[in-house]
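Undergrad: Sequence first, predicted coordinates after that:
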Amino acid sequence: MWSMKNNAKSISEAFSEGTFFAIGLNYKKADAEVRGRFSVSENVQKDILTAGRQSSIQTLTLISTCNRTELYGFAHKAKDLIALLCEHTTGSISEFEKVAYVYQNQQAVSHLFKVGTGLDSQILGDFEIISQLRKSLSRSKKMGMLNPYMERLGNAVIQASKRIKNETEISTGATSVSFAAVQYILARVPYVSKKNILLFGIGKIGRNTCENLIKHTKNDHITLINRTKTKAEAIAGKFNLVVKDYANIQSQIAHSDIMIVATGAKQPTISKELLYLTKPLLILDLSIPKNVAPNVKQNNLVTLIHLDELSKVTDATLAHRQSQIPLALEIIKEIEIEFSTWAQHRSFAPTIKALKNKLSEIKVGEIDNQRRKRSDFNQEQAEVISDRIIQKITTQVANHLKNSNNNPKETAGLIEQIFKLNPEHHE
């Protein structure tokens with residue numbers, strides 16, 4: 001969490017920086033190639049913050065993952081943020097505008113709540129994004145690019161994320177193929193930590209499966225085989241695993257209890273001709289198209305599970321997660337209302353303070369006038385009574401602004417005109 005400093009700028013001054021915008025692109029309209037052109041590393045994020053600070057942008061934070069790049073900040077025009085992003089990436093403004101979205105003020109707030117709580121993620125309920133948001137907000141604060149409004153909003157989104165994770169089941173169950181594969185193994189293979197596991201193919205799905213295997217099975221009998229051995233060695237070195245040559249695949253299959261196939265071949269790479277088994281073998285084919293020929297099932301020792309069957313696990317999980325959306329939205333609504341109420345109240349705090357100062361000036365002048373006129377004037381008692389009247393008046397005005405159905409900004413402006421106030425927008 002980020003606590004506000006005593007000298008932090010008020011909400012009124014935050015909005016004097018311009019309009020609060022959320023601009024970005026994500027997996028819904030931009031393919032991986034386009035997203036890649038607008039992706040920003042941590043170093044580039046710092047460069048963007050620095051460039052923003054040197055321009056008219058005083059509050060800014062960024063999120064950049066494989067599925068989205070987004071900027072949140074105050075600017076006079078959305079194109080100021082768009083130009084800032086495009087200047088530091090390889091994408092163009094015209095390309096960005098084809099796939100982008102731009103939200104402002106309350107819409108931008110609502111969008112950040114959905115992003116930070118995993119409701120806008122490619123995999124519903126993915127809470128990895130909240131750690132990205134934490135880091136981004138922390139980086140912005142260290143660089144002096146986080147005003148109280150954005151800081152409080154970030155805290156509210158983090159709070160919503162925690163509550164949704166704890167109070168709903170929106171993040172339960174397996175949603176990735178690699179995790180579903182490991183869950184399948186854990187559910188059906190006894191003493192899995194003692195089994196010999198062969199992983200053939202170390203593309204993205206293969207790498208993710210490897211990580212999940214190590215994390216959840218506690219198995220140190222995992223062997224990697226890849227057509228390009230050096231790639232397998234790079235992965236194996238990371239996890240301290242064994243690598244074997246592709247030429248040895250037949251003997252390794254015979255030695256294995258579980259085989260996971262995750263290659264990118266266009267034709268089956270595993271067929272019954274490679275199988276010389278003396279014990280049962282579970283084969284999980286995670287490849288698209290299928291890389292294990294159907295004829296392996298002619299061997300009575302083989303159990304073959306394909307990606308389609310594992311997808312049913314993830315489909316069921318996602319269906320359950322979908323059922324949790326109304327609960328998540330209720331939590332978001334509650335916290336978003338709390339944030340909006342706070343922001344609204346803070347926006348007219350300078351007016352109340354200026355009114356109190358104005359009434360205090362009137363009090364001082366009137367007490368001084370009465371003190372000169374009356375020899376028996378009790379200044380101490382007059383001070384107490386006047387201060388109580390001022391407190392009651394300012395409290396009444398504050399409550400009216402909080403509860404009025406009218407626009408609080410317009411009402412505050414009218415009060416400023418009547419009393420000729422000049423609110424100072426700082427704490």
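TA: Ah, there it is.
Undergrad: who touches stretch 256-269?
TA: 181, 185, 189, 192, 195-203, 205-206, 209, 213, 223, 227, 253, 270, 279-287, 289-293 (C-beta atoms under 8 Å, 6 or more residues apart in numbering). Just so you know, the C-beta spots here come from the backbone N, C-alpha and C atoms, and that holds for glycine as well.
Undergrad: ok, 7 Å please
TA: For stretch 256-269, contacts defined as C-beta atoms under 7 Å, 6 or more residues apart in numbering pick out 181, 185, 189, 195-201, 203, 205-206, 209, 253, 270, 281-287, 289-293.
Undergrad: Now, the residues you listed that are in strands?
TA: Members of the contacts of stretch 256-269 lying in strands (criterion: DSSP state E): 197-200, 281-285.
Undergrad: Can I get the buried part of the contacts of stretch 256-269 as one ChimeraX selection?
TA: Per 16 or more other C-beta atoms under 10 Å, the buried members of those correspond to this ChimeraX selection:
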select :181,185,189,195,196,197,198,199,200,201,205,206,209,253,270,281,282,283,284,285,286,287,290,291,292,293
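Undergrad: For the protein, which segments count as strands?
TA: 19-26, 60-64, 68-75, 101-104, 197-200, 222-225, 242-243, 258-261, 281-285, 302-306.
Undergrad: Tell me which of the ones you listed sits nearest to residue 177.
TA: strand 281-285 (9.6 Å; C-beta to C-beta).
Undergrad: domains for this protein, by residue range?
TA: Annotated domains of the chain cover 11-172, 177-308, 348-418 [automatic domain parsing].
Undergrad: Kindly reformat the ones in strands among the contacts of stretch 256-269 as JSON lines and extend each row with pLDDT and distance to residue 92.
TA: Output for those, formatted as JSON lines (pLDDT from 0 to 100; distance: C-beta to C-beta, whole Å):
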{"residue": "197", "pLDDT": "91", "distance to residue 92": "47"}
{"residue": "198", "pLDDT": "93", "distance to residue 92": "46"}
{"residue": "199", "pLDDT": "90", "distance to residue 92": "41"}
{"residue": "200", "pLDDT": "92", "distance to residue 92": "41"}
{"residue": "281", "pLDDT": "95", "distance to residue 92": "52"}
{"residue": "282", "pLDDT": "95", "distance to residue 92": "50"}
{"residue": "283", "pLDDT": "94", "distance to residue 92": "47"}
{"residue": "284", "pLDDT": "92", "distance to residue 92": "43"}
{"residue": "285", "pLDDT": "90", "distance to residue 92": "41"}
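Undergrad: Just put the residues you listed in TSV and tack on distance to residue 348.
TA: As requested, these are exported to TSV (distance: C-beta to C-beta, whole Å):
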residue	distance to residue 348
197	64
198	67
199	62
200	66
281	72
282	66
283	67
284	61
285	63
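Undergrad: residues of stretch 130-143 that come out buried?
TA: Under 16+ other C-beta under 10 Å, the buried positions of stretch 130-143 are 130, 132-134, 136-137, 139-141, 143.
Undergrad: Filter those residues down to just the ones in helices.
TA: 130, 132-134, 136-137, 139-141 (DSSP state H).
Undergrad: Among these, list the two that are farthest apart in space.
TA: 130 and 141 (16.4 Å).
Undergrad: hang on, the earlier thing: who wins for proximity to residue 320 among the strands of the chain?
TA: Closest among those, using C-beta to C-beta: strand 302-306, at 21.5 Å.
Undergrad: what lines up beside the closest one in the sheet?
TA: strand 281-285 (parallel) (DSSP bridges).
Undergrad: tell me which of the ones in helices among the buried residues of stretch 130-143 is nearest to residue 103?
TA: Checking those against residue 103 with C-beta to C-beta, the nearest one is residue 133 at 15.9 Å.
Undergrad: Chain neighbours aside, what residue packs nearest to that closest one?
TA: residue 116 (5.2 Å; C-beta to C-beta, 6 or more residues apart in numbering).
Undergrad: swap in residue 241?
TA: Residue 241's closest residue in space is residue 222 (C-beta to C-beta, 6+ apart), at 5.1 Å.
Undergrad: Just give me the neighbour total for the one you found.
TA: 22 (other C-beta atoms under 10 Å).
Undergrad: Quick check: it touching residue 212?
TA: No: with contact defined as C-beta atoms under 7 Å, residue 222 and residue 212 do not form a contacting pair (11.2 Å).
Undergrad: Would you mind listing the residues in contact with the nearest residue to residue 299 once chain neighbours are set aside?
TA: Nearest residue to residue 299 in three dimensions, chain neighbours excluded: residue 275, at 5.2 Å (C-beta to C-beta, 6+ apart). Residues near residue 275 by C-beta under 7 Å, 6+ apart: 253, 296, 299, 302.
Undergrad: gap between the third one and residue 196?
TA: So the one you mean is residue 299. From residue 299 over to residue 196 the distance is 17 Å, taken as C-beta to C-beta, to the nearest Å.
Undergrad: Sketch out the low-pLDDT regions of the stretch 51-200 of the chain for me.
TA: 173-176 (pLDDT under 70).
Undergrad: what about the helices in it?
TA: Ranges of helices in the stretch 51-200 of the chain, per DSSP state H, counting those that start in this stretch, are 78-87, 93-99, 106-116, 128-142, 148-167, 177-188.
Undergrad: what packs against the last one?
TA: Counting contacts by 3 or more C-beta pairs under 7 Å, 6 or more residues apart in numbering; DSSP states H and E, the secondary-structure elements packed against helix 177-188 are helix 204-217, helix 307-323.
Undergrad: chain center to stretch 374-385, what's the gap?
TA: For stretch 374-385, the distance from its own C-alpha centre to the chain's C-alpha centre is 59 Å (C-alpha atoms, centre = their mean, to the nearest Å).
Undergrad: same check, this time on stretch 162-177
TA: 14 Å.
Undergrad: count of residues packed around the residue nearest to residue 160 when sequence neighbours are not counted?
TA: Excluding the flanking residues, the one nearest residue 160 by C-beta to C-beta, 6+ apart is residue 335, at 4.6 Å. Per other C-beta under 10 Å, the neighbour tally for residue 335 reads 21.
Undergrad: Over to the one 5 residues further on?
TA: Residue 340 sits with 15 neighbouring residues when counted by other C-beta under 10 Å.
Undergrad: Could you measure from it over to residue 107?
TA: For residue 340, the distance to residue 107 - C-beta to C-beta - is 12 Å.
Undergrad: just residue 288 next, same as before
TA: From residue 288 to residue 107 the distance is 38 Å (C-beta to C-beta).
Undergrad: Residue 309 now?
TA: With C-beta to C-beta as the criterion, residue 309 and residue 107 are 41 Å apart.
Undergrad: swap in residue 141?
TA: 24 Å.
Undergrad: One more: residue 354?
TA: 31 Å.
Undergrad: and what of residue 160?
TA: For residue 160, the distance to residue 107 - C-beta to C-beta - is 17 Å.
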